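**Q** Just to be clear, the model below is a prediction. Sequence and coordinates:
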Amino acid sequence: RGVVWEEVIIMLPEHIGMVFLSATTPNHLEFSDWIGRTKKQKIHVISTYKRPVPLQHFLYAGKELFKLYDATTGYLPNAHGAAKAKLAPASDKAGGRGGRAVSRGGGSSANARSIRTSGGDTGEWTKLITSLKDKALLPVVVFAFSKRLCEESASKLSKLDLSTPSERSEIHLFLETSVQRLQGSDRELPQVLTMKEMLKRGIGVHHGGLLPIIKEMVEILFGRGLVKVLFSTETFAMGVNMPARTVVFNGIRKHDGKNFRDLLPGEYT
């Protein structure tokens, strides 16, 4: 996407004005400097650190969500202590099973240690998603840092149906129309059939290993509010603006091409 946008910007006629908006670009000064030099124009950068919707952080532990940080009161040590107490028995019995959660956009994001290196336990995922649903914190994007984790985690919700009858009908009609763009036997590919069944229940997966048409279907349905739970790699956050109420992390460590490391602040927020 980046190369295409660069070419478009370079080739635009001089009389066309440009306005660039972003809530996440970390190197906005570097980017604006490149625009100015490329178009030989003065560039004005206006920025703010105010969040229209305060960022909240939760820890998911012992089937409960504990608010660890609030934009108004800041860090909440008592909640952190209570969450650690919930995790302690599980740590003794199962080598540290439990979870961490954070909340974003008025919702929450969770990093469950018990599901960090695998698709996770079916019961854990079901309880977490059900808890978010009960608290009106859907739709949720669950970030996993591998394609395998995305698919394994989504498979744990095979018995969970988040769609109403009318939503299920709307999804079915959309999928049948979209799949017609595929040729012959391609419509019966395992990836296509699996995703169709999953999407009808309001659950989706998005990563670079999917067919382009499947990623497009997932993005459109999520944008319409018909996908309530989306398991995705971090590429979903690049250049895609989607209405998520909650963000969940199933881990806070990623491989950057060389080594495993903790998420950077900009990657997290």
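**A** Arrived safely. Numbering: from 1, shown residues only.
**Q** how's this structure carved up into domains?
**A** With domains defined by automatic domain parsing, the chain comprises 2-39, 57-268.
**Q** any weak-confidence spans in the stretch 151-269 of the chain?
**A** Applying pLDDT under 70 to the stretch 151-269 of the chain flags residues 237-241.
**Q** if you set the cut-off to 90 instead, what comes out?
**A** 183-185, 208, 233-244, 250-260, 262-269 (pLDDT under 90).
**Q** hey, where'd the helices end up in it?
**A** Secondary structure of the stretch 151-269 of the chain (DSSP state H, counting those that start in this stretch): helices at 165-179, 190-200, 212-223, 265-268.
**Q** JSON lines for the domains of the chain, including distance to T48 and mean neighbour count?
**A** Every C-beta, even on glycine, is put in place using the N, C-alpha and C of the backbone. Converted to JSON lines, the domains of the chain look like this (distance: least, Cβ to Cβ, whole Å; neighbours: other Cβ atoms under 10 Å):
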{"stretch": "domain 2-39", "distance to T48": "10", "mean neighbour count": "10"}
{"stretch": "domain 57-268", "distance to T48": "15", "mean neighbour count": "17"}
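**Q** out of the helices of the stretch 151-269 of the chain, which comes closest to A61?
**A** Closest of the helices of the stretch 151-269 of the chain to A61 is helix 265-268, at 18.8 Å (criterion: Cβ to Cβ).
**Q** where along this protein do the strands fall?
**A** Remark: strands assigned in the chain by DSSP state E are 57-61, 64-70, 74-75, 100-102, 109-111, 140-143, 203-206, 229-232, 246-249, 253-255, 260-262.
**Q** T194: which of those strands is closest?
**A** Comparing the strands of the chain under Cβ to Cβ, the one sitting nearest is strand 203-206, at 8.8 Å.
**Q** packing partners for the closest one?
**A** Helices and strands touching strand 203-206, as assessed by 3 or more Cβ pairs under 8 Å, 6 or more residues apart in numbering; DSSP states H and E, comprise helix 147-155, helix 190-200, helix 212-223, strand 229-232.
**Q** With adjacent residues omitted, what lies nearest to the spatially most central residue of the chain?
**A** Compute the mean C-alpha point of the chain, and by Cα atoms, centre = their mean the closest residue is V141, 3.2 Å away. Nearest residue to V141 in three dimensions, chain neighbours excluded: A244, at 4.5 Å (Cβ to Cβ, 6 or more residues apart in numbering).
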